[in-house]
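Visitor: model this:
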Amino acid sequence: MFSSGVPAQGPHHTSLASFAEAAAHGCRICTFLLEHARENVYHFDDHITARLSYLLDDMPDIGLCLEMKIGALENGVQSVLLEYDFFALSTAVIPRGQGIDSERSAISITESLQAAQKWMSTCLETHEQCQKHTQPPVYPTRLLELGDHKARLIISRDEILSGPYAALSYCWGTDSSFSRLTADNLQELRLGLPYSSLPIAFQEAIQFVKGLSIQYLWIDALCIIQSGMGSKADWQTECGRMQDVYSNCIVNLTLAQASHPNQTCLRGYGSNQMSPVKVSVVYTPNGCDTEESHFCTVLPLNYFTKGLYEQPVGHRAWVLQERFLATRILSIGRGELFWDCEQVPHASESVPNGFESCSDSDRELLSNAMSLSVNSFSQITTHEDLECTWYQILQEYTARDLTHPRTDKLAAIAAIATRMGSAMNDQYLAGHFWKTLPQSLNWQGDQADLRPGKERKVLYRLGKSSNKTPGGDWVITPSWSWASVHGPLDMTKAVVHTYPPFATAESYKLVRTSEKDSTERLEHRILLTIRTWCRRLTWTAFPIGTKEMSFNPQDTGGHTTLRIIDEQVGHGNQCLLAGLDMDQDYGLDIVTGLLLRETDVDGHKVFERFGSFSAFLCGAGGPEVTGMLEKYFILGQQSITLC
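Guide: This is a model prediction of the structure:
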């Protein structure tokens, strides 16, 4: 593609004709960009040019950053119509997989199994960091035993089992009429279910599992009783064992692109998707007079996003936990297979070794640029990095879908939280960790969440729910926890900015309520006491449908923005602003914090969160900051208890 002596900076195609000619001669990148431009660019004529920028100085160890800009001349002015970024990495560092055809209309199980078998054998035989699980210490309650023509449901405690099992991650979809385990058909499934009676996605998954010489498979729909007598109790029991199920499987097979089990998971590449390609690059390094050439693997920056993350399973909240728990993940993505394990994450059929040969700094750069998902935190050692990783996980988790958010909000991330709490040596409290409080209360609705094909999700308050703690107590999800709401969250403000801290956490306690839930079990509330700067506000009702408003207090030179989740305070009632953090930007001190209303718990005055605020104050700096805070937060620093 680039072997024609393209300068380090400059036009790569000077006309639409030359651009189209390159595509006609088989240039995969030009073909993709040309189709992409025709679909997305309104003004597309013979004035078009394509400019290719090589950014060598920023990444000397990686290779090239390619920035393709497609533009047009309008009245003598060059305007950019389409911009697309790639990384061109030396094939010595990122070798391109053999025999991958981006034109294929479907994934071939026979061909793709070769890549999967190689990943499995290499991981099991050579990866010291990856646990083996060839003989798990404990099996799930039920498993499917895979025979020649049918799957037989077995009860693990009644069998003599030997060898590993695989677990499945997939999308249920809205139609649950596919084969499922019920109280009525349990005995029938124990006799065996013909593969032909299973939905197509399950049949394809079984072919992969058998191709990896694995005899047992765990599918929640067929291994947990879904309806009938005892189904609720069975779900509660098995939900508590989910961590063991995924932690002990030899591989987690993820059906990424099927939106429901009755849809094939073997579709080929999409029209808006480009797989990595191998090219010959000729360029002139900075400060040199002679040209150099080498082979590169060209990676679109959205390669993993389009092929894996934005596929249907990437929107499921439960799957995030499954991804973290499993030692190995084999994903059937759009057009090809993807692989993740502790030692070689982010691999695929196109880039079978992932970024294993990159330096740590280059790997971090690529991870950030390509928005690669976090799959593990076992190699993270500092408390600060673990805390930032937890917020990154929460930001991804809260943007995903839950069928039953009121009951599953904390359950679907409980296993990750348990591991994170152990890694940080910290106490877990309804979605937060004690050492991160109160700054971790500074979560807000993500105003920038615009997922492709989806309408903007509106943050809303969930109904009352309770969850069982590791100590066995049932605790009502508090209003201050992010788990009390549903919708995408922005966790960036939860990171501590100020030192000493703007607010401090003083104590927490569990208080038994006099109420009982539908199962007659006693519940508790977590009362959290923090000390911070406070200000009272007389509430004026928002106009209907309004979620954000601003006002300018007369006693300060700045303005305050209020964001509410739901309106729970009557007109003229008193609210409380409680600060959590202070940052500075463009000469303004910006204080962010909680919008609270007063309530009563067993005769004690406590506060309930129903929104957040940002106060933009005239920056003073130095010792004058305290005077400015005293002027705005006229109640001074107080200890307040949140419920």
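
Visitor: got the residue ranges for the helices in the stretch 401-550 of the chain?
Guide: Here the stretch 401-550 of the chain has its helices, by DSSP state H, counting those that start in this stretch, at 405-408, 414-424.

Visitor: Now name the helix or strand holding Leu294.
Guide: For residue 294 the amino acid is His, not Leu. Secondary-structure assignment from DSSP states H and E places His294 in strand 292-300.

Visitor: Need the CA coordinates for that strand. CSV is fine.
Guide: Once non-C-alpha atoms are left out, strand 292-300 reads as follows in CSV (Å, rounded to 0.1, in the frame of the first residue of the first chain):
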residue,chain,number,x,y,z
GLU,A,292,13.6,3.0,4.9
SER,A,293,11.0,0.3,4.5
HIS,A,294,9.5,-2.4,6.6
PHE,A,295,6.4,-4.4,7.1
CYS,A,296,3.7,-3.2,9.4
THR,A,297,0.4,-4.5,10.8
VAL,A,298,-2.1,-1.7,10.5
LEU,A,299,-4.7,-1.6,13.3
PRO,A,300,-7.8,0.7,13.2
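
Visitor: What are the contacting residues of the very next helix or strand once past it?
Guide: For strand 292-300, the succeeding helix or strand toward the C-terminus, using DSSP H and E, is helix 303-304. With contacts defined as Cβ atoms under 8 Å, 6 or more residues apart in numbering, helix 303-304 is touched by Met274, Ser275, Pro276, Phe338, His346, Ser350, Met370, Ser371, Leu372, Ser373. Using the backbone N, CA and C atoms, a C-beta is placed for each residue, glycine as well.

Visitor: any idea which helix or strand comes after helix 303-304?
Guide: Sequence order places helix 317-325 as the next helix or strand after helix 303-304, per DSSP H and E.

Visitor: ok, Trp474 touching Ser466?
Guide: Yes - with contacts counted by Cβ atoms under 8 Å, Trp474 reaches Ser466, the gap being 4.7 Å.

Visitor: Neighbour count for these two, which is higher?
Guide: Set side by side, Trp474 and Ser466 show more neighbours around Ser466, with 20 against 17, by other Cβ atoms under 10 Å.

Visitor: Check that one and give its pLDDT.
Guide: Looking at Ser466, its pLDDT is 81.

Visitor: Using the record's domain definitions, break the chain down for me.
Guide: Following automatic domain parsing, the chain resolves into domains at 9-90, 109-269+305-328+354-376, 388-642.

Visitor: Among the ones you listed, single out whichever gets nearest to His294.
Guide: Proximity to His294 (Cβ to Cβ) singles out domain 9-90 among the domains of the chain, at 6.2 Å.

Visitor: in stretch 399-414, what's buried?
Guide: Ala399, Arg400, Leu402, Pro405, Thr407, Asp408, Lys409, Leu410, Ala411, Ala412, Ile413, Ala414 (16 or more other Cβ atoms under 10 Å).

Visitor: Please tell me how far the spatially closest residue to the first one that is not a sequence neighbour sits from Thr403.
Guide: Counting by Cβ to Cβ, 6 or more residues apart in numbering, Pro488 is the residue found nearest to Ala399 once chain neighbours are left out, at 4.0 Å. Between Pro488 and Thr403 the computed distance is 17 Å (Cβ to Cβ, to the nearest Å).

Visitor: repeat for Asn368
Guide: 32 Å.

Visitor: swap in Leu212?
Guide: Leu212 sits 30 Å away from Thr403, going by Cβ to Cβ.

Visitor: Where do the strands of the stretch 101-250 of the chain begin and end?
Guide: For the stretch 101-250 of the chain, the strands defined by DSSP state E, counting those that start in this stretch cover 142-146, 150-155, 165-169, 193-194, 216-218.

Visitor: mind checking which of these is nearest Pro500?
Guide: strand 165-169 (44.1 Å).

Visitor: Determine the longest strand present in this structure.
Guide: What stands out as the longest strand in the chain, according to DSSP state E, is strand 522-538.

Visitor: How about that one, which residues are buried there?
Guide: Neighbour-count burial for strand 522-538, counted by 16+ other Cβ under 10 Å, picks out 523-535, 537.

Visitor: Dump the helix or strand harbouring Ala17 to CSV, restricted to CA.
Guide: Under the criterion of DSSP H and E, Ala17 resides in helix 16-24. Only the C-alpha atoms of helix 16-24 are listed here, as CSV (Å, rounded to 0.1, in the frame of the first residue of the first chain):
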residue,chain,number,x,y,z
LEU,A,16,-10.9,10.8,-5.9
ALA,A,17,-9.7,8.9,-9.0
SER,A,18,-6.4,7.9,-7.5
PHE,A,19,-8.1,7.0,-4.2
ALA,A,20,-10.6,4.8,-6.1
GLU,A,21,-7.8,3.3,-8.2
ALA,A,22,-6.0,2.2,-5.1
ALA,A,23,-9.1,0.6,-3.7
ALA,A,24,-9.8,-1.2,-7.1
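
Visitor: got the buried residues for it?
Guide: Buried residues in helix 16-24, counted by 16+ other Cβ under 10 Å: Leu16, Ser18, Phe19, Ala22, Ala23.

Visitor: any idea of the mean pLDDT for it?
Guide: Across helix 16-24, pLDDT averages out at 75.

Visitor: Got phi/psi on the closest residue to Ala22 other than its chain neighbours?
Guide: Distances taken as Cβ to Cβ, 6+ apart place Cys30 nearest to Ala22, at 4.2 Å, with adjacent residues excluded. The phi/psi pair for Cys30 (degrees, to the nearest 10) reads phi -70, psi -40.

Visitor: okay, now Cys30: neighbour count?
Guide: When counting by other Cβ under 10 Å, one arrives at 22 neighbours for Cys30.

Visitor: how close does it get to Asp220?
Guide: 45 Å.

Visitor: How about Ser156?
Guide: Applying Cβ to Cβ, the value for Ser156 to Asp220 is 15 Å.

Visitor: Over to Trp480?
Guide: Taken as Cβ to Cβ, the span from Trp480 to Asp220 is 32 Å.

Visitor: Report the buried residues of stretch 241-255.
Guide: For stretch 241-255, the neighbour count (16+ other Cβ under 10 Å) marks 242-255 as buried.

Visitor: from those, which single one is nearest Thr381?
Guide: Nearest to Thr381 among those, with distances taken as Cβ to Cβ, is Ser247, at 21.2 Å.
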